[in-house]
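Asker: would you be able to build a 3D model of this:
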Amino acid sequence: MSGPTPDFWQQRFESGQTAWDRGEAHPQLHAWLAQGLIRPGQTVLVPGCGRGHELLALGRAGVTALGLDYTPAAVAQAQARLHAAGPLAASAQVQQADVLVWQPQGASEQPDVVYEQTCLCALHPDHWTSYAAQLHRWLPQGGHLLALFMQARRESAQQGTVEGPPYHGDINAMRALFPSPLWEWSAPPYAAVPHPQGWFELAVALRKR
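Answerer: The predicted structure is shown next:
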């Protein structure tokens with residue numbers, strides 16, 4: 001498998017070397033909730049959910065949230081966070097699963113919305129096509145993919161080197177990965193959300209055709 005291994009992520013969660021973690025839910029998630037793109041009563045899937053900050057925020061907003069992560073330490077930390085929140089997180093849960101093979105089991109796991117923040121940029125680009133196919137497969141027609149495309153271009157890219165994680169989500173590459181015959185794109189310009197590590201993310205709402 002190209003890119004980081006499960007052991008790579010396990011060591012980082014165990015040691016606390018998770019500089020990408022804001023320590024709270026992403027501000028764009030709150031913006032999308034305020035805009036009504038995520039509504040109470042919907043089911044939202046959060047692949048690569050990490051410590052579960054977004055799961056807790058979604059649960060508090062009355063949304064059924066399901067997080068996926070294949071790293072045992074991340075799943076344990078997310079479960080502990082949800083457990084500590086008690087009734088506030090009653091509608092949120094997390095599963096240990098590989099996003100490249102996971103499929104919803106029954107209507108309760110069928111998402112209305114997929115919130116994509118940290119999963120795509122954590123996967124080596126060799127796996128992006130498979131992951132994009134999964135996102136399309138999971139959503140019903142008209143379902144929303146709310147994506148934060150990481151902008152982490154490095155100087156080595158000029159020589160064709162692929163560096164990460166996080167892997168740079170060039171907007172032209174994202175257009176090819178999520179083509180218009182399959183996805184309706186919101187119109188640019190897209191909100192650029194600063195990242196604590198000096199990068200930024202482009203907030204894009206896509207709808208499955």
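Asker: alpha carbons only for contacts and neighbour counts from here, please
Answerer: OK.
Asker: can you give me the strands in the chain?
Answerer: Using DSSP state E, the strands of the chain run over 43-47, 64-69, 92-96, 113-116, 144-151, 183-185, 191-194, 200-208.
Asker: nearest to E163, out of these?
Answerer: Closest to E163 of the strands of the chain, according to C-alpha to C-alpha: strand 144-151, at 12.3 Å.
Asker: direction included, what does the closest one pair against?
Answerer: Note on strand 144-151: by DSSP bridges, its sheet partners are strand 113-116 (parallel), strand 200-208 (antiparallel).
Asker: out of the ones you listed, which comes closest to A187?
Answerer: Short answer: strand 200-208, nearest of these by C-alpha to C-alpha, at 8.6 Å.
Asker: could you pull up the mean pLDDT of the closest one?
Answerer: Mean pLDDT, computed over strand 200-208, is 97.
Asker: mind checking how far the residue of the chain most remote from its centre is from S2?
Answerer: Distance from the C-alpha centroid of the chain, by C-alpha atoms, centre = their mean, peaks at Q159 (28.5 Å). Using C-alpha to C-alpha, to the nearest Å, Q159 is found at 19 Å from S2.
Asker: ok, back up a step: mean neighbour count and distance to L37 added to the strands of the chain, as CSV?
Answerer: Listed next are the strands of the chain as CSV, based on neighbours: other C-alpha atoms under 10 Å; distance: least, C-alpha to C-alpha, whole Å:
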stretch, mean neighbour count, distance to L37
strand 43-47, 25, 11
strand 64-69, 25, 14
strand 92-96, 21, 18
strand 113-116, 24, 9
strand 144-151, 24, 8
strand 183-185, 18, 14
strand 191-194, 16, 15
strand 200-208, 20, 9
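Asker: could I get those strands in CSV, plus columns for distance to Y131?
Answerer: Listed next are the strands of the chain as CSV, based on distance: least, C-alpha to C-alpha, whole Å:
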stretch, distance to Y131
strand 43-47, 10
strand 64-69, 13
strand 92-96, 17
strand 113-116, 11
strand 144-151, 13
strand 183-185, 15
strand 191-194, 23
strand 200-208, 15
